[in-house]
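Asks: kindly generate the corresponding structure for this input.
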Amino acid sequence: MLDLPVWFEIGSFVFLGLLLLADLLIVTRRPHLPSMKESTVWVVFYVALALIFGLAMLAFAGGQAAGEFYAGWLTEYSLSVDNLFVFVIIMARFSVPRRYQQEVLMVGIIIALVLRGLFILAGAALIERFIWLFYIFGAFLIYTAIKLFKQQGMEEEYEENVLIRRMRKVLPISEDYDGAKIRTTVDGKRLWTPMIIVFLAIGSTDLLFALDSIPAIFGLTREAFIVYTANIFALMGLRQLYFLLGGLLERLIYLSVGLSVILGFIGIKLILEAMHENSLPFINGGEPLEWAPTIPIWLSLTVIVGVMALAVVASLFKARNDPEAAAQLRGADVASEEIDREEPSDLTGQSDATIAADQKIGPPSNDGGRNADR
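Replies: Numbering: from 1, shown residues only. Predicted coordinates:
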């Protein structure tokens, strides 16, 4: 059982809440396309903050708790980076202007925090009473790992779910974006903007990713405090990472393989723990399976760090030795530099015509095709 000072737990959530609020205010007050330097500074800051928090856990709760936090944070961070791939596809699918993508990402992060918070509370309460749920969680993670591995090398496409298709038919939606607003007035009529569909798409995607991430981290720790703080740290800085990686994000070609190995490993760990604490009457007469080993947190942390490092190094090696991949990398770098040079840090100084032209992008058509500029 985690034994932390009450002031530390409360103070942690207050500090993280204020940090997220400040991040939100920056986005809403100054919509802009972050430069490479700005994105790098923020990503390094959030990563350093997570590392420092782990040291605080070590000081107040011991090595086991610190190890669980680091393992959970790295796993959730890896899954969050994978989530960015889908965000990139959604942004392209709905032709979201680049200067307003920060708002979309921030909304996605807030939705993810709320959903994961609810899932964590529910999961902690259920696991406390029904340890056999680890059998289900473990099987689900192994299934997800196999599915993720099979999708390696396949081009990802975003398919609208039932909710999005239904909302598109029900809601009166304008053809053009109006900044980051979800409501606008056209010819005296109040309409929803395409941004509402983007937010719904991001939210439903967050829900699907929460179904993967929560069982995964519960396979590393059962402490709700560690689970939630690890998720917060994994999501903070995600929008800056999105702009930092830019076109290079798609070149992490072996990230899915690494994630599939990690999810499979955690799935096996969950099943072994369920067997070690078995209470199901039709398995070994309801008695624990003493021979089932428990995987220590240091081994879990080693596997997670090792697999992700290998996946990143292998991806970079592949890009360097593959002429076509290298050319695409150089093209992404040039495009990113050109955007940074051409677009100002905020909207100040831009003409109304320039802003209007950038927003003259309608929602995708109902025929399922990709959206075109109007």
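Asks: list the buried residues of the helix with the most length in the chain.
Replies: Scanning the chain for the longest helix, with DSSP state H as the assignment, gives helix 63-93. The neighbour-count check on helix 63-93 (16 or more other CB atoms under 10 Å) flags 64-84, 86-91, 93 as buried. For every residue, glycine as well, the C-beta is placed using N, CA and C.
Asks: any idea where the helices of the stretch 201-350 of the chain begin and end?
Replies: 224-235, 238-245, 255-276, 297-321, 323-342 (DSSP state H, counting those that start in this stretch).
Asks: using CSV, lay out the ones you listed together with distance to Thr193.
Replies: CSV is the format used below for the helices of the stretch 201-350 of the chain (distance: least, CB to CB, whole Å):
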stretch, distance to Thr193
helix 224-235, 25
helix 238-245, 20
helix 255-276, 33
helix 297-321, 37
helix 323-342, 24
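Asks: for Asp187, which of those helices is the nearest?
Replies: Closest to Asp187 of the helices of the stretch 201-350 of the chain is helix 323-342 (CB to CB; 33.0 Å).
Asks: what does the helix or strand hosting Asp23 contact?
Replies: Using DSSP states H and E, the element containing Asp23 is helix 6-29. Outside helix 6-29, the residues within contact range by CB atoms under 8 Å, 6 or more residues apart in numbering are 53, 56, 60, 102-103, 106, 109-110, 113, 225, 229, 232, 236, 239.
Asks: what subset of those is buried?
Replies: By neighbour count, with 16+ other CB under 10 Å, the contacts of helix 6-29 hold 53, 102-103, 106, 109, 113, 225, 229, 232, 236, 239 as buried.
Asks: where in the stretch 251-374 of the chain is pLDDT low?
Replies: 251, 322-374 (pLDDT under 70).
Asks: doesn't Gly264 make contact with Gly219?
Replies: No. Between Gly219 and Gly264 there is no contact under CB atoms under 8 Å: 11.0 Å.
Asks: need the overlap of contacts for those two.
Replies: What both Gly219 and Gly264 touch, as defined by CB under 8 Å, 6+ apart, is the set Leu141.
Asks: between these two, which has more neighbouring residues?
Replies: When Gly219 and Gly264 are compared for neighbours, Gly219 comes out ahead with 27 against 19, by other CB atoms under 10 Å.
Asks: returning to what we had before: quick one: closest of the helices of the stretch 201-350 of the chain to Val47.
Replies: With CB to CB, the closest approach to Val47 among the helices of the stretch 201-350 of the chain belongs to helix 224-235: 8.6 Å.
Asks: quick one: the closest one to chain centroid distance?
Replies: Centroid separation between helix 224-235 and its chain, computed with CA atoms, centre = their mean, to the nearest Å, is 12 Å.
Asks: follow-up on the earlier one: next secondary structure after the helix holding Asp23?
Replies: Toward the C-terminus from helix 6-29 - assigned by DSSP H and E - lies helix 36-61.
Asks: got a list of what Phe225 touches?
Replies: Contacts for Phe225 were tallied using CB under 8 Å, 6+ apart; they are 2, 4, 9.
Asks: and what of Val162?
Replies: Here Val162 is in contact with no residue (CB under 8 Å, 6+ apart).
Asks: check it and give its pLDDT.
Replies: In this model, Val162 is scored at 74, pLDDT.
Asks: next one: it from Phe282, what distance?
Replies: According to CB to CB, to the nearest Å, Val162 stands 37 Å off from Phe282.
Asks: got it, and Phe8?
Replies: As for Phe8, its distance to Phe282 is 43 Å (criterion: CB to CB).
Asks: kindly report the same for Leu252.
Replies: 43 Å.
Asks: out of those two, which sits in the busier spot?
Replies: Leu252 (21 against 6).
Asks: make sure the more buried one is actually in contact with Val312.
Replies: Yes. Here Leu252 reaches Val312: they are 6.8 Å apart, a contact under CB under 8 Å.
Asks: what's the offset of stretch 48-59 from the middle of its chain?
Replies: 21 Å.
Asks: ugh, typo on my part, it should be stretch 53-61
Replies: Here stretch 53-61 is found 24 Å from its chain centre; the criterion is CA atoms, centre = their mean.
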